[in-house]
Structure formats: structure tokens, C-alpha cells
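>>> Below: sequence and its predicted model.
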Number of protein chains: 4
Amino acid sequence: MNSRWPFLTPGIPDDLFVRNKVPMTKEEIRVVTLAKARLAPDQIVWDVGSGTGSLAVEAARLIGNGMVCAVERNPDGVKLIEANARRFELHNIRVVAGAAPQALHGLPAPDRVLVGGSGGQLAAIVTVVDQVLHPGGRLVINAVTLETLAGALACLNQPWRVEVVQVSAARAEQTGKSHLLRALNPVFIISAWKGDA
Amino acid sequence: MNSRWPFLTPGIPDDLFVRNKVPMTKEEIRVVTLAKARLAPDQIVWDVGSGTGSLAVEAARLIGNGMVCAVERNPDGVKLIEANARRFELHNIRVVAGAAPQALHGLPAPDRVLVGGSGGQLAAIVTVVDQVLHPGGRLVINAVTLETLAGALACLNQPWRVEVVQVSAARAEQTGKSHLLRALNPVFIISAWKGDA
Amino acid sequence: MNSRWPFLTPGIPDDLFVRNKVPMTKEEIRVVTLAKARLAPDQIVWDVGSGTGSLAVEAARLIGNGMVCAVERNPDGVKLIEANARRFELHNIRVVAGAAPQALHGLPAPDRVLVGGSGGQLAAIVTVVDQVLHPGGRLVINAVTLETLAGALACLNQPWRVEVVQVSAARAEQTGKSHLLRALNPVFIISAWKGDA
Amino acid sequence: MNSRWPFLTPGIPDDLFVRNKVPMTKEEIRVVTLAKARLAPDQIVWDVGSGTGSLAVEAARLIGNGMVCAVERNPDGVKLIEANARRFELHNIRVVAGAAPQALHGLPAPDRVLVGGSGGQLAAIVTVVDQVLHPGGRLVINAVTLETLAGALACLNQPWRVEVVQVSAARAEQTGKSHLLRALNPVFIISAWKGDA
């Protein structure tokens, strides 16, 4: 909870974030991604390729005394994450400037890992996650390219268990008296875990 | 929170519900619907056309000392809602057997109204909601038919403000060594409120 | 057939048309629309709200000695249709500058009517089509707004028979070494006829 | 043209085919697939994994004196293809019973290759196609699994040029007075060629 967005569920509208035209994970994709992440209080959450920090903000708002490590290599992104953490008055987002997987070393071991962007290093990121993810942990990857989808399937072998869902949303946008259905780009949401679900 | 589903976000997997082949709101649609509902602690939530009670369970789990009134005209549905409330150990779901809008009379005035099924009475339901919805309240309708979509747009006039998003999801289903993309039916999620968002 | 596009099927790539940033019916939508139109040789085809003329060109290329009447109220659109007819060396497109339904009066009675844009006059257009459509004729409406969809369903009553399909396409767009899935806006394709299919 | 389906465009309704519950390429996917194939008169078309023969029938109807080689390893499928060729009075479909790539040897070199099913042998099929496809030829693969999509991208390297589009369709199905939007499974349509488009 906070004064800026006092609701129980994820789903902060896109235009409440500072974003300066940087691509961001859209609200409808964000809420499905966070559902698949199965957040719980006090978790350590890595948000790799955090972009504007929209997933980091939603997660940080929910996990109470947990912490989100928002990893972003783009300096403009780093500033946006900081601006969004301030805007939502969140003190449990640790912004990590740098590229994964290198930037992941030294971070507290995660309960949840979100990957919104991997800079072509998905396999190496999964290798690190594989070593440090807490038991019962989950990895959720958002893939907007066919290569990220194929790469995720290729590296998430046994004993990883994998679920993939593609989400396509279209928003009705008012133009005059009419509502035009405007499509958001489809996103593959890839969830992975070990052992039982 | 509860022992059966101890996570912070909505998104209980479909197969954790008792459902006996009754159609249910699928997980991906449920989480977007609940995001649009903007739940807060202690709210009164009406779930009209509750079906299996999957939305009612997710909402009840989140709103703490609030209450969900789950309205359902189908006796089999009523039993399913009761079974699911028991399964998730929820004591804040009031099951109302009967058809809306009649069955809505006498219920505590709502902060949030979810409409999963309207039995062809959407306009009459909206008329009732219009009279009793608390200030700052929100109405979220799931439309799976073109007629419900058109009917909702027709009756949600000024001063209602309306947002429509269509969500299509496809789940990768393992068949042998392959993952077949299997589509869920698309759903229009219609959110309505008065005054500022 | 013609030298510019010597193939048997519809599906001329979007970028072969002159379009000057005017919105056009995209290739994937065009081929499904034309399939639903069930074109045959020598037909009279009305293309109402012809826009860039992309549907008119595809139809004219196929129907041999038939004729397409391309009706468009926007002067820029009229020029684009003429330019595209020239580009594909088609002599059986009659460009009609003006707004439907008025501009439809005096045109030869149609075997097929395509409606890509109706300028808010869909019901009046359907009334005209209802009077002049040849026996065995078909009407195919592309709806990109919720209002056009609802309006079409409202006015296509008995004895019209109606089929609706929504088509969503996403194209993989190369960006560096990756292919980003970029969504086209979804379109409702509404086919209507009288009597047997 | 033929008496059973006398129209110029592809798009024969699904229920005109004999199919005995065998999965088939749905009408909307078929017309986009055939558009991407860019059929021309007198072509040799391979339809690999022909299933019910629905793509083979549509292609054979259009290419006049050309020929479709419909390759299918499932004996039930072979009978369906033969039944559908009879139903549409087509004499230019050569049914080849057997599994690709072996069954492809000895067939006349193709101008167009459609792959509706590959039985896990996509890379080997592409290797054969690579050797025998006529200059200016095109290969169009329908992928319904993530593995086929990834496999196609992996084996279609330079000098192949590749276009991918995903098509999702939902049909409004009448149930009582309402039209329920029922989704067809999404299909990736992968087109490949060498040299200029």
C-alpha cells in the first residue's frame, strides 16, 4: 500500500509511471507476470532488465519487508527506476546499474527472478539463477522476441519445469465517438521452477 | 493469505478450484479483472454471476475484513462457490442463491461490482449498481459474447466513464515433446466508474 | 493477373501500395476479408470506404470482366485509389468520390459489398444494400471499432444471416538479430447474406 | 473453379471437407497461408503433412494445370485427402503415402512447398527443399507448436529470407440469442524464400 496507489492488487496504470517514452511492460502484461511470480511477504525479488522499473515498483509495493533488486544496464533506465521508486515512495528497491549476468554477482540470493530484458544473455542469466535461486523459487521471463522465447525453451531443461502462456491484449481507445481496438504487442510469459509447482 | 494459497497476488491456478466442468474465469483473465477492480481492504464486493466462485475466492482472500457477496442463480454453481470457499478456508464470502437483479436487493451497498455473468439482465443490473455503488466505486464486467459487450457499451452512459480491454491468452500445452499453443477464448474486460479514475 | 502482381491469390504486400501514411487494410486482414467475400468472375463489387483502395485492387485483379466501384469521401483517398489502380494496371475500378450512402445511388447493383469504412452511416448503408444486392449476394464489413461491431449486429436482422470472425495478427519484425512480435490491430470481419450460405 | 466451390479466392468453409475429427488447418489460417504461398498457374506444389488435404484442395483448385503432391504418413489422412480430392472433383492432386523427408524423393521439383506437419523432421525436410526448390520458389510452414517455430527459425539460415506472422482468429458462435467468441488456436505462418521477395 501507499498513498499513490493504495490498492491490494498489481495493475498500476501505465501513465502513472515516469517513462519518457522508454518501452515498458504494459499493465495487463504486468499483472499476469506478477501473478505467475507468486509473490509472498519478505521475498528477495530480482528484476533483471528492469527498464522503467514498472515490475519492480509493483512487486516492491506488495512484498513489505522484502526487497527488489532492479538490474538495468541503460543509464536512462536506471534514472527512471529511481524516479519511479520515489514517485511511489518505495524504499525497498535497490537499483543495480549494470548488465546481467555480471551485475547479479554479490546480490542477495533471490526467491523470485523476473526477466524483462536479457540483452542477449538469457542463457548466462539462467545459469546464475540456477545456482542461487532459493528452494521453492520461481523464474518468470517476459519474451517479446521469437529468439528470447526459443532461447528460454532451449536453456530451461530438466530439472526445471516450465509453463508458457502468450498474452495478447487490445485496448479500446476513444477516437471521437468511437472506440478503436488498439493491440498491444503479444508477450510470452515463461514461468520456471523446480520440484512441485 | 491462507494455507492453501499463501501468495500476495491473485492468480490461483484453475485446477486448484472445485469446478465439475462448469465454465470458469481462467487464471489469466481473473488476474486482469481483479487488477481492474482495484481492490482495497475492507471493501464490499459483489460478484454477480459468480459461477464457480473463482473471482469471489480471489477477492475474498485479498480484502481481509471486507466481504464478497457471490450471487449465482444456478444451484450447481451455488454448491461450487460454497465448496471453493471451504477449500480456501474463507469466511467472508456470502453466497446468495438467486438471479440478479432481484437477488441484489437487500445486499450491503458495494464498493466494487464484478459481473461474470448477467443472464441477459445486464442493463437491469447496471441500473441497480448505479443507485447503490459507493462513491469511488468501480464496476468490472467480463464479456464473452458480442451481445454483452454491445449491451454494456449501450447502458454505461454519462456520467459513467468506461475502459475496455480485450484479453486473449494462449497456453502452451505439452503433447509429447512439443508444446502446442492452445487458445483460451478472448474476453472483453469492461471497467466503469464515475468521476475521476 | 498482371505484371505487378502475377499471383492467383490475394495478399499483395502492404508496401507495394501507394499509401502516404493513410491507414490501410493490412495484408492478412485483406485476404481473410476477400475469402469471406467469395468473389466470382464478372461480379459487380462495391468497396465502400475504400481508403487506399487496397481491397478494391485485390478484388479487381481477380474478377476479370467484373467491376469494382470504390467509394471514398476523402479526396486524398480518392487520389490514392486512382494511383493504386494505375500501379496495378487495372481498368475495372470505378472510383466514386463521395460519402455513402448518398454516393451509392446510381451505381450498378452489386453482387458483393465490402465495407471498410462507413463514416458512422453503417445502418443507412445496409438499408441501401438490402434493397439492391443481387440474389446470392454477400456483404462483408470490416469493423475496427466497437461501435461498428455493435452497429452491424444491430442492423443485420432477419432475413440476413451473419457470421463474425475476429482476426488478430502479429508480425515478427527484425530488430538487430531479433524478431519482435508486433501486433496489428484486431479486426472484426462480419459477413452477411440471405438464404443459404 | 468447380461446381462444389465456384469462387476465385481460397476460403472453403471447414465443414465442406470430409474430416472425421482429424485436426485440420482452419479456413482463416488456410487463406493467409495460401496468400503467403503466392500461387501461380501451372506450379508444382508440395503439401507436406497434408492431414485432411484442405490446403492441397484449395491450392489444386487454383493452379489449373499445375499439380499438388500431398504427402501424408497417416493412412487415415491419406484416405481423407483422396476423399476430399473426389469431393471437389480435382484431378491434379497426387497423394503420396509416407513420411517426409523420405517420401519426398522422386517427386517433381516444387515451385511451392507447404508444410502443415513435419513429424519432428522439419530440419531434414528443409534440407531436401533447399536442394530442389525451383528458383523463385517459396516455402510456407504452419507452426502450431513452439518447437516447430523454434526449429524453423534455427534451420532457415542465410541465404533463406524469412517472414513470420502469427494469426489468431476467434469465431462468434451462436448459443441461444448470443454470440460467444470462440478462439481458434494461434498459428505461426513462416514464409521463406531466397533472393528478392
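Alright, I've got the coordinates.
>>> For A:L34, list the residues it contacts.
A:P10, A:L55, A:E58, A:A59, A:L62, B:T9, B:G11, B:V31 (CB atoms under 8 Å, 6 or more residues apart in numbering or on different chains). For every residue, glycine as well, the C-beta is placed using N, CA and C.
>>> Tell me the one among the residues you listed nearest to A:R94.
A:A59 (12.2 Å; CB to CB).
>>> Packing partners of the host helix or strand of the closest one?
In this assignment (DSSP states H and E), A:A59 forms part of helix A:54-62. Judged by 3 or more CB pairs under 8 Å, 6 or more residues apart in numbering or on different chains; DSSP states H and E, the packing partners of helix A:54-62 are helix A:27-37, strand A:44-48, strand A:67-72, helix A:75-87, strand A:93-97, strand A:112-115.
>>> thinking again about what came up before, what is the nearest of the contacts of A:L34 to chain C?
A:L55 (18.8 Å; CB to the nearest CB).
>>> quick one, what contacts that closest one?
A:T25, A:R30, A:T33, A:L34, A:D47, A:L114, A:G116.
>>> By neighbour count, which of these wins?
The residue in the contacts of A:L55 with the most neighbours, by other CB atoms under 10 Å in any protein chain shown, is A:D47 (31 neighbours).
>>> how close does it get to A:A85?
12 Å (CB to CB, to the nearest Å).
>>> Ok, A:N92 next?
A:N92 is 9 Å from A:A85, by CB to CB.
>>> Residues that sit against both of the two, list them.
A:A60.
>>> Of those two, which one has the most company?
A:A85 (21 against 17).
>>> Sheet-wise, list the partners of the lengthiest strand in chain A with their directions.
Criterion DSSP state E: the longest strand present in chain A is strand A:160-175. The pairing partners recorded for strand A:160-175 under DSSP bridges are strand A:178-183 (antiparallel), strand A:187-194 (antiparallel), strand B:160-175 (antiparallel).
>>> now it and helix A:27-37, what's the angle there?
Between strand A:160-175 and helix A:27-37, the angle comes out at 160 degrees (axes from the mean of the first three to the mean of the last three CA atoms, to 10 degrees).
>>> Flag every buried residue along strand A:160-175.
Within strand A:160-175, the residues scored as buried using 16 or more other CB atoms under 10 Å in any protein chain shown are A:V162, A:E163, A:V164, A:V165, A:Q166, A:V167, A:S168, A:A169, A:A170, A:R171, A:A172.
>>> Those residues of chain A touching chain D, which are they?
A:L146, A:E147, A:L149, A:A150, A:L153, A:A154, A:V164, A:Q166, A:S168, A:P186 (CB under 8 Å from any CB of the partner chain).
>>> Isn't the third one up against A:F188?
Spelled out, that is A:L149. Yes: between A:L149 and A:F188 there is a contact under CB atoms under 8 Å: 4.9 Å.
>>> what is in contact with those two at once?
A:A143, A:V164.
>>> what sits in contact with each of A:D47 and A:A85?
A:G53, A:A56.
>>> OK, contacts around the residue of chain A most remote from its centre?
Distance from the C-alpha centroid of chain A, by CA atoms, centre = their mean, peaks at A:K177 (35.7 Å). A:K177 makes contact with C:G120, C:E147, according to CB under 8 Å, 6+ apart.
>>> Check it and give its pLDDT.
The model reports A:K177 with a pLDDT of 86.
>>> Got phi/psi on it?
phi -90, psi 0 (degrees, to the nearest 10).
>>> hang on, the earlier thing: so which of the buried residues of strand A:160-175 is the closest to C:N142?
Of these, the one sitting nearest to C:N142 (CB to CB) turns out to be A:A170, at 15.2 Å.
>>> which ones are touching that closest one?
Contacts were defined as CB under 8 Å, 6+ apart; by that measure A:A170 touches A:L181, A:R182, A:A183, A:L184, B:V165, B:Q166, B:S168, C:S168, C:A183, C:N185, C:P186.
>>> give me that answer again for 6 Å
By CB atoms under 6 Å, 6 or more residues apart in numbering or on different chains, A:A170 lies in contact with A:L181, A:A183, B:Q166, C:P186.
>>> repeat for A:R30
Going by CB under 6 Å, 6+ apart, A:R30 touches A:L55, A:E58.
>>> re earlier: now the contacts of A:A170 in CSV, with pLDDT?
Formatted as CSV, the contacts of A:A170 follow (pLDDT from 0 to 100):
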residue, pLDDT
A:L181, 97
A:A183, 98
B:Q166, 98
C:P186, 98
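>>> out of the residues you listed, which is most surrounded?
B:Q166 (25 neighbours).
>>> Low-confidence bits of chain A, can you list those?
A:1-2, A:197 (pLDDT under 70).
>>> Next to chain C, which bits of it? Give me the list.
A:144-147, A:170, A:172, A:178-183, A:185-186 (CB under 6 Å from any CB of the partner chain).
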